[in-house]
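Engineer: Just a sequence and a predicted model for now, questions to come.
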Amino acid sequence: MRRAVCPGSFDPVTNGHLDIVQRASTLFDEVVVAVGVNKSKSRLFDPDERIAMLERACAPYDNVRVDGFSGLLTTYCSEHGIHAIVKGLRAVSDFDYELQMAQMNASLTDVETVFVPTSPEYSFLASSLVKEVAMFGGDVSSLVPDFVNTALIERLAARRAADEA
Ligand code: PNS
């Protein structure tokens with residue numbers, strides 16, 4: 001069984017992430033989308049919400065499942081018999097850091113990193129930018145699944161109301 005992990009923060013999942021997950025699902029027998037649940041970082045959506053959104057978004061893919069992990073990604077891979085990490089590369093600027101992480105991860109356990117070039121229509125897409133644009137009222141409906149767009153609008157409105165209270 002060829003098993004791979006697509007790790008990330010997914011705060012929130014975007015159509016760019018889903019493009020990589022879908023393509024990984026054609027390359028491997030099983031793909032685990034692993035959500036980093038590191039509590040030290042402040043996120044818009046908590047781990048359970050991010051996992052639930054991914055489960056809904058990945059439902060069409062039979063060989064994709066979603067899980068959370070904390071600690072080292074390589075520990076997760078070792079514990080789950082995973083020997084491939086799939087990462088999307090949007091641009092050359094992603095490469096330096098991703099290469100460093102790939103080499104570090106390979107030094108820690110028996111794992112290869114497979115880089116998948118992001119489809120051109122998503123090359124500018126990042127969760128952080130989606131949140132910033134949505135925060136200022138921009139339309140991100142073409143960049144994330146519909147239910148994520150709704151959740152974003154609701155969460156940002158709730159944050160604004162709390163800040164103004
Ligand atoms: O979506 P992101 O924020 O780019 O995802 C980063 C993530 C979660 C994939 C990365 O930070 C990670 O692998 N974290 C787990 C901790 C770890 O293994 N660190 C060593 C990396 S060499």
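Structural biologist: Received it, and whenever you're ready, just let me know what you need. Numbers count the residues shown, from 1 in each chain.
Engineer: The chain: helices as residue ranges?
Structural biologist: For the chain, the helices defined by DSSP state H cover 15-27, 47-58, 73-79, 92-108, 127-135, 146-164.
Engineer: closest one to Pro7 among those helices?
Structural biologist: helix 73-79 (5.3 Å; CB to CB). C-beta: built from backbone N, CA, C; applies to glycine.
Engineer: That closest one near the ligand anywhere?
Structural biologist: Yes: remark: helix 73-79 sits within contact range of the ligand at Leu73, by CB under 6 Å from any ligand atom.
Engineer: Packing partners of that helix?
Structural biologist: Secondary-structure packing of helix 73-79 (3 or more CB pairs under 8 Å, 6 or more residues apart in numbering; DSSP states H and E): strand 3-8, strand 30-36, helix 92-108.
Engineer: Just the buried residues of that helix, please?
Structural biologist: The neighbour-count criterion (16 or more other CB atoms under 10 Å) identifies 73-74, 76-77 as the buried residues of helix 73-79.
Engineer: ok, and what's touching that helix?
Structural biologist: Where contact means CB atoms under 8 Å, 6 or more residues apart in numbering, the residues beyond helix 73-79 that reach it are 5, 7, 34, 36, 69, 82-83, 85, 105, 108-111.
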